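Asks: got a structure for you, letters missing:
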DNA sequence: AGTATTATTGCAAACAGATTGCAATAAGTC
DNA sequence: GACTTATTGCAATCTGTTTGCAATAATACT
Ligand SMILES: [Mn+2]
Ligand SMILES: [Mn+2]
Ligand SMILES: [Zn+2]
Ligand SMILES: [Zn+2]
């Protein structure tokens, strides 16, 4: 949290109560704009949806959050402090689990097959979680 | 093409000139709704954008096309006759290349690490193509 | 070929998610 | 506490997608 605050202030931007609230909500799990908006407004204080969009866009530019896109569903935002990883998405209950993989197992394979210079990738799994089976 | 025609007629649906045109356009490469709309309208005959949406939705349900989502960009549609595969996307020129990988190299790894029953996955690579380097 | 049936199309309107302009507000500095 | 200016809230706008409905055209049947 203090680290995030520093990133914000280093850019001459302000650490507002709205930004604090959104950061708190994001601690839980990756969430859509709508979910974040709903969560911050469940409390007494009101926050405009436009503000949620603007803060998330700013966080994205500062590298504080990542945007994750699961197939055709709405994009989700998650704190980027946990580093690069992939996801398992339960198609029944919507649970999202992080997973870390030894990536060279397929990156090596890709290098063999193409001349593309790979910069990044996204790998997401869809299925049914333990509890929903 | 005749195979697609059969799929459509088997469902009691009609093989219209609009569907034919969209199928032709999709032969080239995976495209966004806007691109498809533009392509079919570049010729003399007009096709409404709503029609493009409706036909693509229908093709999706019939399994004639697949929807591919690259990060936060618009979804693209590609003919599904080539089977499951992944993509390399050039961040400079937008070129999309298909790539096939031996999937068990990472599916096995995932099974070891989680109780999720995996049904499907998406794996897309982003980088710079041969020509753009 | 002509007629009947009904899926499909085009057009206008509605909808949903995201963005923008601007005046009022409040975070940070002195 | 006063000053500067990034940020917020609100209304309006924009962009992508969906829906209702009457007109059209693909198919099946005489
Ligand atoms: Mn995650
Ligand atoms: Mn492809
Ligand atoms: Zn589940
Ligand atoms: Zn390229």
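Replies: The structure has been received and is ready for your questions. Note that this is a predicted model, so its numbers are computed, not measured. Numbers count the residues shown, from 1 in each chain, chains lettered A, B, ... in the order given. Ligands and ions are numbered 1, 2, ... in the order given.

Asks: Chain neighbours aside, what residue packs nearest to the residue nearest the centre of chain A?
Replies: Centroid-nearest residue in chain A: residue A:78, 2.2 Å away (criterion: Cα atoms, centre = their mean). Spatial nearest neighbour of residue A:78, excluding adjacent residues (Cβ to Cβ, 6 or more residues apart in numbering or on different chains): residue A:30 at 3.6 Å. Every C-beta, even on glycine, is put in place using the N, C-alpha and C of the backbone.

Asks: Any idea how many residues pack against the one you found?
Replies: 20 (other Cβ atoms under 10 Å in any protein chain shown).

Asks: Report the buried residues of the longest strand belonging to chain A.
Replies: Criterion DSSP state E: the longest strand present in chain A is strand A:117-128. Within strand A:117-128, the residues scored as buried using 16 or more other Cβ atoms under 10 Å in any protein chain shown are A:121-128.

Asks: Could you do stretch A:105-112 as well?
Replies: Those buried within stretch A:105-112 under the rule 16+ other Cβ under 10 Å are A:106, A:109-110.

Asks: Show me what from chain A comes close to chain B.
Replies: Counting by Cβ under 8 Å from any Cβ of the partner chain, chain A comes close to chain B at A:67, A:69, A:71-72, A:75, A:88, A:90-91, A:97, A:99, A:101-102, A:105-106, A:109-110, A:113-130, A:133.

Asks: picking that back up, from the buried residues of strand A:117-128, which is closest to ligand 3?
Replies: residue A:128 (6.1 Å; Cβ to the ion).

Asks: Thought residue B:115 was touching that closest one, still the case?
Replies: No - if you go by Cβ atoms under 8 Å, residue A:128 and residue B:115 don't touch, sitting 9.6 Å apart.

Asks: other SSEs contacting the lowest-mean-pLDDT helix or strand in chain A?
Replies: Across the helices and strands of chain A, mean pLDDT, DSSP states H and E gives its lowest value to helix A:104-113, namely a mean of 91. Counting contacts by 3 or more Cβ pairs under 8 Å, 6 or more residues apart in numbering or on different chains; DSSP states H and E, helix A:104-113 is packed against strand A:117-128, helix B:104-113.

Asks: Fine by me, we can end here.
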